[in-house]
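*Asks:* any chance you can model this:
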Amino acid sequence: MRNPLPAVPTALPEVSVVAAGAGRAARGVPSVGFCFTATGGDETGTPDETGAVPAGPVLPDAAFPADWVRTVGLTGKAGEVHPAPAGSGLAWVAGVGDGSPKHWRTAGAALVRAVRSRLRTDADAGRRPRRGLRVHLPPGIGGDEVAELVRGLRLGGYRFTVSAERPDPGLASVELVADADRRAELADVADRAQALTAATALARDLANAPSNVKDPAWLADTASRVAGSVRGLGVLVRDERWLAEQGFGGVLAVGGGSSRPPRLIELAWRPRGTDGPHLVLVGKGITFDTGGISIKPAEGMHMMRTDMAGGAAVIAAMTVVARLELPVRVTALVPCAENHVSGAAYRPGDIVRHYGGRTTEVTNTDAEGRMVLADALAYAVTRLRPDALVDVATLTGAMKVSLGLRTGGLFASDDALAERVLAAGATAGESWWRMPLASDVDSLGAELADAVTSEIADVRQCPSGPGGITAAMFLREFTGGLPWAHLDIAGPARADKEYDDVTTGATGFATRTLVELARSFADA
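*Replies:* Residues are numbered from 1 along each chain as shown. Reported below is the predicted structural model:
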């Protein structure tokens, strides 16, 4: 049977940086110029009567007539895109707001969406779509701004669609035109941004894939194929027989209700000559979550195909760590299972023995993520001997209530590791908020000190109290006292509307943070 999915990973526009005046511009390639709001612009710009400021000498004859400015209502705000006026030498004019990095990202995303719409119109009309773009960078633009522009251009047009129809034509290539003396510098910036955005798109692909195709075996096979294309990135896939032999009781319990057995994916990056810290990443790989016997409501259950977004972020991040050849040892574990309902499903009241022997009293089969993570964390502590341990999961709805849909929750047993994660997120453009563990706050410590303890097992799966915090407390029981961070991405892992470079569906959130976190250990 033919695979009904589009190619994974999704192809993104290729971005190159060329020197202004070097060679002839490709004939017929649409050009783009930028304008700022009245508070932005560069030293060469002069505000027009609307307050918009041209971004300097974009092209020698790039003039915006006053009547055109009034007609389109040009303001220069980030995300504003207009077809350029006749005679300007441009095809598009895009606003970049105050010129901050985040506004360049917004501009890039809005531009690529406008181009996609134009390409669709051209294709429907029988015209040959022009799938290239030539973007003229203003003098003095910084590396951060270019990186964010590339991010917007590459991810803003992302789509994952399964259809009998031929996909709409998308933007295929972008040339960034820079001053000759900065071409090499900005080319390096663009290349790194392309690696990070490719990983984000891969994480989106994996999480968006429908679960009639995406079972644990598919996810493991796809991770193996992707890893196999990256030099030096090792991969091992363990099946249900190995999991049973090794005592992965949590993974087997969760996966027992499905006819499609669980897997454990292990990815390893071991650069030669590196003997520094060993970072281990663990990602939740629940390929579909019905809730099991503690079944979920029908409303919203279709999005549970994305319940392995944490695992997707870990897999994708590892590809970039290896492609960038970061000088740090990193291992990733993704325990994969499908949480289904059947006569073989695990039950509330069961006692499950995890890897290493620790036991859990099951109280809610819809808290399956922590069951599979517990096995992987215990395995990492015993077999991999990490210096730092980080898990990533769409774990609790409580975090969506606490932090909304654009900020991830950070729990950590170690202040230094927490600061690394926060700094990595800031560099990656992903927002995190540190949440307390019971030991961090006296009132919580007194209230929840015994919450994780079970009367009939070592630990209780779903302690009473604030859901996000007690879930983190449960996981901490399996971390062996190591520096550990838990990233709950239940909110930002999915989006129900477009914003900036984010499109509806899976977002790939946490992927870039994990890469930057690994980089911080490489730089230590």
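*Asks:* so which bits of stretch 200-215 are buried?
*Replies:* 200-209, 211, 213-215 (16 or more other Cβ atoms under 10 Å). For the C-beta atoms, the positions are set from N, CA and C on the backbone; glycine is no exception.
*Asks:* cool, and stretch 262-269?
*Replies:* For stretch 262-269, the neighbour count (16+ other Cβ under 10 Å) marks 262-269 as buried.
*Asks:* and it, how far from the chain's centre?
*Replies:* Its chain's average C-alpha position is 19 Å from that of stretch 262-269, according to Cα atoms, centre = their mean, to the nearest Å.
*Asks:* could you number the chain from 27 rather than 1 from now on?
*Replies:* Let's use 27 as the start, then, which means that last one is stretch 288-295.
*Asks:* CA atoms only for it, dumped as CSV, please.
*Replies:* Presented in CSV, the C-alpha positions along stretch 288-295 are these (Å, rounded to 0.1, in the frame of the first residue of the first chain):
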residue,chain,number,x,y,z
PRO,A,288,5.8,-0.3,21.7
ARG,A,289,9.3,0.7,20.8
LEU,A,290,12.3,2.5,22.4
ILE,A,291,14.3,4.7,20.1
GLU,A,292,17.9,5.6,21.2
LEU,A,293,19.9,8.2,19.3
ALA,A,294,23.5,8.9,20.2
TRP,A,295,26.0,11.6,19.2
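*Asks:* A helix includes Ala37, no?
*Replies:* No - secondary structure assignment places Ala37 outside any helix; it is coil (DSSP: H, G, I helix; E, B strand; the rest coil).
*Asks:* element containing Glu415, please.
*Replies:* No Glu there; residue 415 is Leu. With secondary structure defined by DSSP states H and E, Leu415 is part of strand 414-419.
*Asks:* reformat the buried residues of stretch 288-295 as CSV; add distance to Glu106, secondary structure and pLDDT.
*Replies:* Supplementary listing: those in CSV, determined by distance: Cβ to Cβ, whole Å; DSSP: H, G, I helix; E, B strand; the rest coil; pLDDT from 0 to 100:
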residue, distance to Glu106, secondary structure, pLDDT
Pro288, 49, coil, 98
Arg289, 47, strand, 98
Leu290, 48, strand, 98
Ile291, 43, strand, 98
Glu292, 47, strand, 98
Leu293, 42, strand, 98
Ala294, 46, strand, 98
Trp295, 42, strand, 98
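*Asks:* return the closest of these with respect to Ser368.
*Replies:* Taking Cβ to Cβ as the measure, Ser368 lies nearest Pro288 of these, at 14.3 Å.
*Asks:* isn't that closest one up against Leu269?
*Replies:* Yes - the criterion here is Cβ atoms under 8 Å, and Pro288 meets it with Leu269 at 6.2 Å.
*Asks:* quick check: neighbours shared by those two?
*Replies:* 277-278 (Cβ atoms under 8 Å, 6 or more residues apart in numbering).
*Asks:* chain center to the strand holding Leu415: distance?
*Replies:* Centre to centre, stretch against its chain (Cα atoms, centre = their mean), the figure for strand 414-419 is 15 Å.
*Asks:* again, but for stretch 235-248
*Replies:* Averaging C-alpha positions (Cα atoms, centre = their mean) puts stretch 235-248 18 Å from its chain's average.
*Asks:* got a list of contacts for it?
*Replies:* Applying Cβ under 8 Å, 6+ apart, the contact partners of stretch 235-248 are 29-31, 34, 186, 188, 232, 263, 281, 284, 286-289, 291, 311, 313-314, 330-331, 334, 337, 360, 362-364.
*Asks:* beyond the helix or strand of the chain with the lowest mean pLDDT, next helix or strand please.
*Replies:* Of all regular secondary-structure elements in the chain, judged by mean pLDDT, DSSP states H and E, the least confident is strand 79-80 with a mean of 51. Taking DSSP H and E as the definition, the helix or strand that follows strand 79-80 towards the C-terminus is helix 92-98.
*Asks:* for that following helix, buried residues please.
*Replies:* Taking 16+ other Cβ under 10 Å as the basis for neighbour counts, the residues of helix 92-98 that come out buried are 94-95, 98.
*Asks:* same question for it, mean pLDDT?
*Replies:* Helix 92-98 shows a mean pLDDT of 84.
*Asks:* how far is that helix from where the chain is centred?
*Replies:* 39 Å.
*Asks:* now Ala227: closest residue in space that isn't a chain neighbour?
*Replies:* Nearest residue to Ala227 in three dimensions, chain neighbours excluded: Thr36, at 5.1 Å (Cβ to Cβ, 6 or more residues apart in numbering).
*Asks:* alright, I will stop here.
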